[in-house]
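1. Next come a sequence and a model predicted from it.
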Amino acid sequence: MSGIPLGTTGQPRYPSQTPETSMIPEETELMTNSNETTQLLQKHKTMYGEPNGNVDGYDIIGEDDVNPRERRRAWSELAVMDEEMGAAEARKQHQQLFDVKLTKRQKRIIRIGKIATLFTCMIVMAIFFTKDAESETIQTQVAVSQEEFTWINMSEVNEARYKRVRVHIIGNLAENSTEPFLTVQLVRTRDHHIVEVVDNFTVSLIDGETEVNLEEAVEEEKTFKVPWDSKEDRFHLHVVSTTDYYTTVVIGHLGMPSSSDDAVICAAIILVGVYVLIGFELVHRTVAAMVGSFAALATLSAFNERPSMEVVMTWLDYETLALLWGMMTIVAIFSETGFFDWCALMSYKIAKGRMWVLITILCMFSGIVSAFLDNVTTILLLTPVTIRLCEVLDLDPKYVLIAEVLFSNIGGTATAIGDPPNVIIVSNADIAEAAELGYITGIDFTEFTIHMMIGIVFCMAAGYGLLRLMYRSISLKSLDPPEIQRLRHETEIWRQAASRIMVTTNEENTVKMLLLQKVYGLESELRNKIYERKHAQQKIMNWEENLEYLEDKYKITDPILLGKSGFVLTIAIILFFIHSLDNVYLDLGWIAIIAAMALLVLSDINDMESIMHRVEWATLIFFAALFVLMEGLTELGLIDFIGNVVADLIRGVPEESQLTVAIILILWVSAIASSFIDNIPFTTAMVPVIVNLAEDPELKDSLPLKPMVWALAFGACLGGNGTLIGASANVVCAGIAEQHGYRFTFYEFFRVGFPMMLVTTAVAMIYLLICHSTPIAWNY
């Protein structure tokens with residue numbers, strides 16, 4: 001950093017005003033001499049280098065009988081610098097791993113390069129996205145038997161001369177490889193005669209089924225290579241079955257370029273690119289997710305798989321978005337009552353001001369509640385309370401919130417309703433069908449909870465020990481005293497409020513200027529407080545005295561609104577618990593939306609803008625973009641590729657070691673993958689893989705399904721702790737914290753979350769191996 005000017009000819013350090021003599025009252029005797037001032041100046045030189053201004057202009061160096069007004073002015077500014085130098089030293093441990101000191105010119109060049117690179121990428125992606133029309137798989141419903149076959153002319157493949165064709169078979173398909181069979185052949189024709197059978201695709205049919213129900217049908221696909229040798233070549237699909245009756249199936253085909261062979265590589269590059277943007281904080285995580293999702297769509301377009309807008313909209317998880325919006329609205333209204341302040345005060349009373357007692361209470365509470373209530377909802381309710389509590393205790397909320405959300409993810413793993421992957425596993429049709437066929441006895445809520453909760457108890461114990469160990473090297477105390485911290489925080493909140501106003505009228509411009517004036521006033525007050533603290537004897541209060549002060553400050557401000565909000569929230573939480581019952585036809589999203597609307601009516605809110613401003617729209621857009629990104633990567637084959645690699649590795653080991661290898665592979669692959677890609681599509685893709693492994697005749701005796709189910713559940717849920725975007729609760733917590741002025745970075749979460757993920761996954765692996773790969777054999 002370049003030198004900071006001190007002289008009268010230099011530039012002020014703060015945009016609000018230059019430090020004035022009036023910061024120190026004239027009647028106050030300045031108890032400093034030239035030696036103290038020289039020491040301060042030397043500290044400034046050490047931190048910032050030589051000043052650019054004329055320090056001698058103050059006429060204070062080396063003389064004690066100088067003008068008191070001049071010394072007052074110099075000391076005031078130097079005191080501010082000294083305070084900032086101390087804070088800067090303390091903040092060094094919180095700097096990012098890749099933080100590099102750069103000059104302003106270098107930073108400007110990097111910023112321009114970043115913008116130019118991203119904008120160029122956007123232009124290239126837009127070109128690929130717009131050069132081809134939206135494409136859909138051409139589907140033909142046919143009825144065939146062993147005596148009656150069907151020809152499908154692939155005219156669009158022939159006209160465009162695509163070198164790949166993806167064929168889909170949709171119908172009453174059997175999982176096992178038994179008769180009857182249906183075969184689709186790719187044949188080369190010339191002058192209406194078959195020249196060559198290029199390739200074939202054979203699937204098993206359910207015997208006796210003649211009609212196809214598209215809602216319950218099974219889909220299989222295969223990609224054929226189309227060998228173009230001559231301009232006269234034409235290709236057809238030849239469909240025939242071995243049944244002695246007509247069976248109905250749907251045959252779909254889509255022509256693709258040869259570059260589609262590299263779809264998985266393209267998907268991996270897109271995923272890595274998104275993590276580079278987020279991890280290095282080159283752009284906001286919402287922008288990174290939007291760019292990544294558009295890159296996935298552009299890649300699909302380049303492979304002639306561009307989806308329509310209607311299809312893209314079906315990729316969004318509306319239930320999650322509705323749950324987030326509804327709960328954010330309820331929390332926004334709830335915060336007007338002073339309830340979160342009161343909760344923070346009660347927690348402070350219980351812990352008697354002891355930091356680790358409070359952190360332990362918060363972590364255990366979030367973990368236990370998340371086991372029975374969706375962990376996203378738990379974090380939405382707990383985060384405001386935790387932030388207020390940290391402000392009361394003079395703690396830095398960032399690492400307390402990170403610990404809280406980590407334990408929320410761990411606790412949510414314990415039950416079938418605590419985390420979305422568990423819901424997917426328990427309600428999956430493939431697992432239910434396997435139970436009906438006798439492969440397993442079925443997985444209900446009770447059995448799932450018993451198997452998972454025992455392991456989660458050990459994971460939480462190990463995680464808590466690791467947390468205490470890691471936090472020994474991390475300062476949890478706020479770097480500033482409470483009053484200074486409050487002013488800094490308040491200044492940031494007012495600055496955010498001003499930045500949100502888009503000036504289109506004179507009135508809006510006036511409001512923005514008033515807000516900025518408030519910011520400048522707070523900055524001036526902050527500097528005065530720093531000076532006063534430098535020269536005043538601060539009284540250190542014990543927790544009882546602090547409690548008395550806080551009881552006067554933090555009270556319930558609106559008891560009537562609190563009663564209304566508490567009533568609606570209680571009903572909503574009860575419905576969250578019972579929504580999975582057979583007679584309750586509401587999902588989590590509808591419950592949250594109905595509760596939010598009910599509270600808006602009961603509270604008689606007229607200023608909707610103020611409530612909507614508290615909704616984390618950036619977080620909602622991030623989730624929407626993330627859903628599109630993950631579905632795009634799924635369409636490109638990345639998740640299926642991971643599942644197939646795992647299955648091939650398991651099949652390749654000796655029979656006596658297959659279960660052990662399966663547990664270890666599924667657990668760790670799920671954990672690592674769920675740290676970097678959304679665990680919901682990954683779980684959805686992995687369930688059929690493990691079901692097929694359990695139903696494989698060659699593996700059936702050595703590879704029971706249930707241990708693989710527990711391994712997938714542990715890995716997918718615990719893996720969400722690995723990175724900031726590994727789980728929905730992480731992103732929600734980060735968004736709310738940023739809205740309150742406490743932003744934590746990707747690296748700050750990673751340095752705690754990834755080791756936590758590794759340790760808890762290792763504990764879960766030991767638990768699973770003891771229970772399922774030893775003579776205990778708790779497999780059924």
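-> Cool, the structure landed.
2. Could you use CA atoms for every contact and neighbour count after this?
-> Noted.
3. for the residue lying closest to T247 once chain neighbours are set aside, what are its contacts?
-> Nearest residue to T247, sequence neighbours excluded (C-alpha to C-alpha, 6 or more residues apart in numbering): T210, at 4.4 Å. Contacts for T210 were tallied using C-alpha atoms under 8 Å, 6 or more residues apart in numbering; they are Y245, Y246, T247, T248.
4. Filter those residues down to just the ones in strands.
-> T247, T248 (DSSP state E).
5. Filter the contacts of T210 down to the buried ones.
-> Neighbour-count burial (16 or more other C-alpha atoms under 10 Å) applied to the contacts of T210 gives Y245, Y246, T247, T248.
6. what's the closest non-adjacent residue to F623?
-> Of all residues not flanking F623 in the chain, L321 sits nearest, at 7.5 Å (C-alpha to C-alpha, 6+ apart).
7. Helix or strand: which one has the one you found?
-> Per DSSP states H and E, L321 falls inside helix 318-334.
8. Run through who's touching that helix.
-> So helix 318-334 is contacted by 376-377, 380-381, 561-562, 565, 569, 587-596, 599, 611-612, 614-616, 620, 623-624 (C-alpha under 8 Å, 6+ apart).
9. Tell me the spacing between R614 and Q739.
-> 8 Å (C-alpha to C-alpha, to the nearest Å).
10. How about E523?
-> From E523 to Q739 the distance is 20 Å (C-alpha to C-alpha).
11. give the contact list for S259.
-> Shown in contact with S259 (C-alpha under 8 Å, 6+ apart): F303.
12. In three-state terms, label it for me.
-> Secondary structure, DSSP: H, G, I helix; E, B strand; the rest coil: S259 is helix.
13. same thing with E209?
-> Applying three-state DSSP: E209 is coil.
14. picking that back up, neighbours around the residue nearest to F623, how many?
-> 16 (other C-alpha atoms under 10 Å).
15. same check, this time on the one 5 residues further on
-> Here the neighbour count serves as a burial measure; for G326 (other C-alpha under 10 Å) it reads 24.
16. which of the buried ones among the contacts of T210 lies closest to M154?
-> T248 (19.9 Å; C-alpha to C-alpha).
17. ok, the closest one touching V144?
-> Yes - in this structure T248 lies within contact range of V144 using C-alpha atoms under 8 Å: 6.7 Å.
18. Out of the buried ones among the contacts of T210, which is nearest to P227?
-> Nearest to P227 among the buried ones among the contacts of T210, with distances taken as C-alpha to C-alpha, is T248, at 29.4 Å.
19. next one: phi and psi at the residue nearest to T247?
-> phi -110, psi -30 (degrees, to the nearest 10).
20. Tell me how far it lies from Q141.
-> 13 Å.
21. Mind listing the shared neighbours of the two?
-> The contact lists of T210 and Q141 share T248, where a contact means C-alpha under 8 Å, 6+ apart.
22. tell me the contacts of the closest residue in space to D199 that isn't next to it in sequence?
-> The shortest distance from D199 to any residue other than its chain neighbours is 5.3 Å, reached at L186 (C-alpha to C-alpha, 6+ apart). Contact analysis of L186 by C-alpha under 8 Å, 6+ apart lists V197, V198, D199, N200, F224, F235, H236, L237, H238.
23. what kind of secondary structure is L186 in?
-> L186 ends up strand, using three-state DSSP.
24. Equivalent analysis for the one 10 residues further on, please.
-> Under the three-state scheme (three-state DSSP), E196 adopts strand.
25. Which strand or helix spans the closest residue to F622 other than its chain neighbours?
-> The spatial neighbour of F622 that comes closest, neighbours along the chain excluded (C-alpha to C-alpha, 6+ apart), is T286 at 4.5 Å. Assigned by DSSP H and E, T286 falls within helix 285-302.
26. Look up how far P397 lies from A737.
-> Distance from A737 to P397, by C-alpha to C-alpha: 8 Å.
27. wait, what's in contact with L380?
-> M327, M328, V331, V732, C733, I736.
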